[in-house]
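Asks: Predicted coordinates and the sequence they were generated for:
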Amino acid sequence: MAEVVLSGYYGFDNLGDEAVLYAIVSALRHEVPQLKITVLSHNPKRTASLYGIKAVNRWKLSEVAGALKRADMLISGGGSLLQDVTSPSSLLYYLGVISLARAFKKKIFFYAQGFGPVNRPWARWLVRRVAQKVDFITLRDEESAEDLRSLGIRQPPVIVTADPVLGLDLSSVDKDTGVAVLRRTGADLDRPLVGLALRRWKSEEIYLPAVAGLADRLLEEGALPVFIPFHQPDDLDTAKQAIRLMRRPGAVLLDRPLTVEEMLSVTGFLSLMVGMRLHSLIMAAVCGRPVVGISYDPKVDRFLRLIGAPPALKVQDVSLKDLYMLVKARMETGQTPEERSMMTDLKDRALQSAKLATRCLNK
């Protein structure tokens, strides 16, 4: 029976990356129901319990090496793994896992990664050296492909698909799950709910007064702002900062970590998502909800361009006026027919990654 190892930012209570893992596992199981899957996780016990798969400690070399030795293929991704903006050490980690798999003569597949930016000269050289020797590369957007080509990588096949989360099937999402999560906070489900998924970014918390002002205006107009931390505990602290800046009480805070299934169900009750976190925007769009982005990273801008949504507001200069006007406009229009059409196309493209991975595995 075939076996693969998944490497990514898994087990860190980052809901976006957990959604990526959930989507990849679901898509692979659809293609190969009996496929053995082992995940390199920061919290292997929780990962194994959540997804019904095997997981090992990503920090223990013996466990990582053992998993790779048993496997037929390493799947690296999805997510933004090969970049040096967040941290060059994380780039070295993922390249190290890839190099170890290659040393064991395993097939290596990049799964719908968001590549770059890679800015440091030594990092660009190292990525080029490692990536040009893998078996197959799929990327989640055309800009990632352009960044990869700029390194001079021509050797493995490169296909642009789409973020794995865009391929999620919502038919099994339980509506009652979201009701239970929201009612625990005292949320009034008869009011329009506006999700707010914020994050800390360097010293750019200067955007928080604008978000707090937006939340106040939403309350004044009868809507309910719902702060949704995607990465615990950092995003929870940021959400609490925004709430402290508000003049009006009444905002809702989802203060405990959510599973992917819970988040999808909650999103179904939202009228709109205001997100800095990329996957807050992706999950909302998958659920048919309009989105407003606050950009701290090119990946946010790339996604909004991809689906034909209005451009993101920049985190360093977002104003209450611009944010409020964009939110009001999006709440009035909803997800446009063009966006809905693009989402259908992107779902097919997202699922293509699993088909290509299966093909690579069976070669």
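Replies: Perfect, thanks for sending it.
Asks: For the stretch 151-300 of the chain, which segments count as strands?
Replies: 158-160, 193-197, 224-227, 252-253, 270-275, 291-295 (DSSP state E, counting those that start in this stretch).
Asks: contacts for the fourth one?
Replies: When you say that, I think you mean strand 252-253. 182, 185-187, 193, 224-227, 236, 239-240, 243 (CB atoms under 8 Å, 6 or more residues apart in numbering). (Each C-beta comes from the backbone N, C-alpha and C, glycine too.)
Asks: can you rerun that using 10 Å?
Replies: 182, 184-188, 193-196, 215, 224-229, 236, 239-240, 242-243 (CB atoms under 10 Å, 6 or more residues apart in numbering).
Asks: which phi and psi does Glu18 have?
Replies: phi -70, psi -40 (degrees, to the nearest 10).
Asks: I figured it was touching Tyr10, is that so?
Replies: Yes. Taking CB atoms under 10 Å as the definition, Glu18 is a contact partner of Tyr10 at 7.1 Å.
Asks: Overlap in contacts, those two.
Replies: 46-47, 50-51.
Asks: Nearest to Ser280, out of these: which one, please.
Replies: Of all these, Ser280 sits closest to Leu50, with 19.2 Å by CB to CB.
Asks: right, and that closest one touches Asn43 too?
Replies: Yes. Counting by CB under 10 Å, Leu50 touches Asn43, with 9.5 Å between them.
Asks: quick one: which of these two has more around it?
Replies: With neighbours defined as other CB atoms under 10 Å, Leu50 and Asn43 compare such that Leu50 has more, 21 against 16.
Asks: Mind telling me what element the more buried one is part of?
Replies: Assigned by DSSP states H and E, Leu50 belongs to helix 44-51.
Asks: Going along the chain, name the helices of the protein.
Replies: 15-31, 44-51, 61-70, 88-103, 121-131, 142-150, 175-184, 208-220, 234-245, 260-267, 278-286, 298-307, 320-333, 337-362 (DSSP state H).
Asks: Quick one: closest of those helices to Ile159.
Replies: helix 337-362 (6.4 Å).
Asks: show me what contacts the closest residue to Ile37 other than its chain neighbours?
Replies: In space, and not counting its chain neighbours, Ile37 is closest to Ile53: 4.5 Å by CB to CB, 6 or more residues apart in numbering. Residues counted as contacts of Ile53 (CB under 10 Å, 6+ apart) are 6, 21, 25, 28-29, 35-39, 41, 47.
Asks: Which of those residues sits closest to Asp345?
Replies: Leu28 (21.4 Å).
Asks: Any idea what the nearest residue to Cys360 once chain neighbours are set aside is bridged to?
Replies: Spatial nearest neighbour of Cys360, excluding adjacent residues (CB to CB, 6+ apart): Phe136 at 4.7 Å. With DSSP bridges applied, Phe136 shows beta-bridge pairing to Phe109.
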